[in-house]
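Enquirer: The sequence isn't on hand, but the structure is:
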Ligand SMILES: Nc1nc2c(ncn2[C@@H]2O[C@H](COP(=O)(O)OP(=O)(O)O)[C@@H](O)[C@H]2O)c(=O)[nH]1
Ligand SMILES: [Mg+2]
């Protein structure tokens, strides 16, 4: 690949740098960050699910792993962190602040969470539960469920207030914020009314808001509980009503219009109905008989039954043979939209397995999964590197102003800053991802064919020929010709943009540098092959 840093260089730079930093002095934190960096680069991405309390974080975690293991619901108000990581065996280990850690049966996870008046003291010292699962998704990243941020929010907290006293809320926030700072990447659940607080929290995670736009590849925004926009509004086709598309997507674009900064902070913002995805994967097979029964009702009647939850779940529902408990179970696990969707797929003769899969796809959770795997799994090293550089920059930002630091400390800071810039300049993959993202958001002034070319050129891990849009069998002389044309094209583009759009200019410059890198590689290869031909010719003459 053109221009990329040899694999171990960043690791070497970090570990060589650490000993120069004074451990006990002003820069002690920085030294810790640097000396832990190589180990952190080698580990899996730590993906934290963060946001306000009761936004559906634990529900999303369950939906992502396809099992109901994180406790959800109004009673879940402990301070503890759940970490889900990959391992051959299903197991869980609890870590306390006042006694040694202990294995716990997975089945007892719920009771370790739910606030139980008899066990308050025990639960108060429970810090963290690490759950190991042989779940493919967790090969890409560790998933961290946090209790929730609270005190920074004023809006939408009425519900939470009923069950959480302010002291607890402050502690939950502290625990969650600490976990966020230790994470490499974030799934951030927006509060119901997007506030400046959301932008602030994420901006802080990434470094000062907007200053390190690269960081956006480490954050995915989530608009949760979209299915709660129910019943379908008058005028909509109620059977085809899709609250994710109809309301969720609209909310995302409203957010982006109201706070354009969000476009920089998030790689993507995805509207979801986590409950539907969680329910789809976890309801017992037997419940499909109940869904079949509902699917057998006339469409108008089914819609009428599902329109109001209070009616669907009441004690007596004349003409319906499902018991109140069965209806409540379905409602609690899938919600009315999920039930309606399932019925429609059953009517289309989908199998139970297909219905489960389709619901996960429709809920938006499959999109979160796919994106998380491609972003945080396949780009693991870049994500980690970017997270570490972000932490170092934050450490430096938090130091007292340069004039109040010793000359020695200033020298150390300069040294670290140089190293950070050296790494981020040379790891072109970091920048390539950012440029691809800008291209995806149509924020580059390029036409369709040019965008296609750009994406191909920047695609890491493919051959020179593929990056030039040619088959791998293309003769090197042709590759040279095409690479030359490519360089000329991007050179011209750079000149066009020189005085207009700095963001686009920086992006196109990177494309130009990449094209030049490819050009130099194919030229070298071509020359070598020509020389080889000449040598072969000479050899043949000797033998003749
Ligand atoms: N309708 C609906 N309810 C949801 C959804 N996700 C979560 N909930 C409910 O919201 C409540 C809080 O969810 P939970 O996952 O515990 O929130 P957390 O505090 O952010 O972890 C629970 O009663 C969930 O059942 C969703 O997508 N749709
Ligand atoms: Mg939770």
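Expert: Received it, and whenever you're ready, just let me know what you need. Keep in mind it's a predicted model, so treat the numbers as computed, not measured. Ligands and ions are numbered 1, 2, ... in the order given.
Enquirer: and this structure, what are its domains?
Expert: Using automatic domain parsing, the domain parsing of the chain gives 9-273, 286-363, 447-544.
Enquirer: Deepest in the core, which of those domains is it.
Expert: Highest mean neighbour count of the domains of the chain: domain 9-273, a mean of 18 (counted as mean count of other CB atoms under 10 Å). Any C-beta I mention is one placed from the backbone N, CA and C, and that applies to glycine too.
Enquirer: Centre of the chain to that domain, how far?
Expert: Averaged C-alpha coordinates place domain 9-273 at 10 Å from its chain's average position (CA atoms, centre = their mean, to the nearest Å).
Enquirer: Span of it from start to end?
Expert: Using CA to CA, to the nearest Å, one end of domain 9-273 lies 43 Å from the other.
Enquirer: Check stretch 251-270 too.
Expert: Criterion CA to CA; first-to-last residue distance in stretch 251-270 is 10 Å.
Enquirer: in the stretch 401-544 of the chain, which spans are strands?
Expert: With DSSP state E, counting those that start in this stretch, there are no strands along the stretch 401-544 of the chain.
Enquirer: Please enumerate the helices of it.
Expert: Per DSSP state H, counting those that start in this stretch, the stretch 401-544 of the chain carries helices over the ranges 407-426, 428-440, 448-458, 464-467, 476-497, 502-543.
Enquirer: where among those is the average confidence lowest?
Expert: Among the helices of the stretch 401-544 of the chain, helix 428-440 has the lowest mean pLDDT, at a mean of 77.
Enquirer: In that helix, which residues have enough neighbours to count as buried?
Expert: Within helix 428-440, the residues scored as buried using 16 or more other CB atoms under 10 Å are 428-439.
Enquirer: Who are the packing partners of it?
Expert: Secondary-structure packing of helix 428-440 (3 or more CB pairs under 8 Å, 6 or more residues apart in numbering; DSSP states H and E): helix 380-397, helix 448-458, helix 502-543.
Enquirer: got the angle for the second one vs helix 502-543?
Expert: Right, the one you point to is helix 448-458. With axes from the mean of the first three to the mean of the last three CA atoms, to 10 degrees applied, the angle from helix 448-458 to helix 502-543 works out at 60 degrees.
Enquirer: Please work out the angle formed by the directions of helix 448-458 and helix 476-497.
Expert: If you take the same axes, to 10 degrees, helix 448-458 sits at 120 degrees to helix 476-497.
Enquirer: list the helices and strands helix 448-458 packs on?
Expert: Packing partners of helix 448-458 (3+ CB pairs under 8 Å, 6+ apart): helix 428-440, helix 464-467, helix 476-497, helix 502-543.
Enquirer: Relative to ligand 1, which of these is closest?
Expert: Counting by CB to the nearest ligand atom, ligand 1 lies closest to helix 428-440 out of the helices and strands packed on helix 448-458; the figure is 26.1 Å.
Enquirer: Work out the gap between the closest one and the centre of the chain.
Expert: Centre-to-centre, helix 428-440 and its host chain are 16 Å apart (CA atoms, centre = their mean).
Enquirer: Under the pLDDT cut-off, which ranges of the chain? List them.
Expert: Within the chain, the stretches with pLDDT under 70 are 1-8, 74-79, 113-117, 150-165, 192-197, 207-215, 460-461.
Enquirer: still on that earlier bit, please produce JSON lines containing the helices and strands packed on helix 428-440, extended by distance to residue 58.
Expert: Listed next are the helices and strands packed on helix 428-440 as JSON lines, based on distance: least, CB to CB, whole Å:
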{"stretch": "helix 380-397", "distance to residue 58": "24"}
{"stretch": "helix 448-458", "distance to residue 58": "36"}
{"stretch": "helix 502-543", "distance to residue 58": "38"}
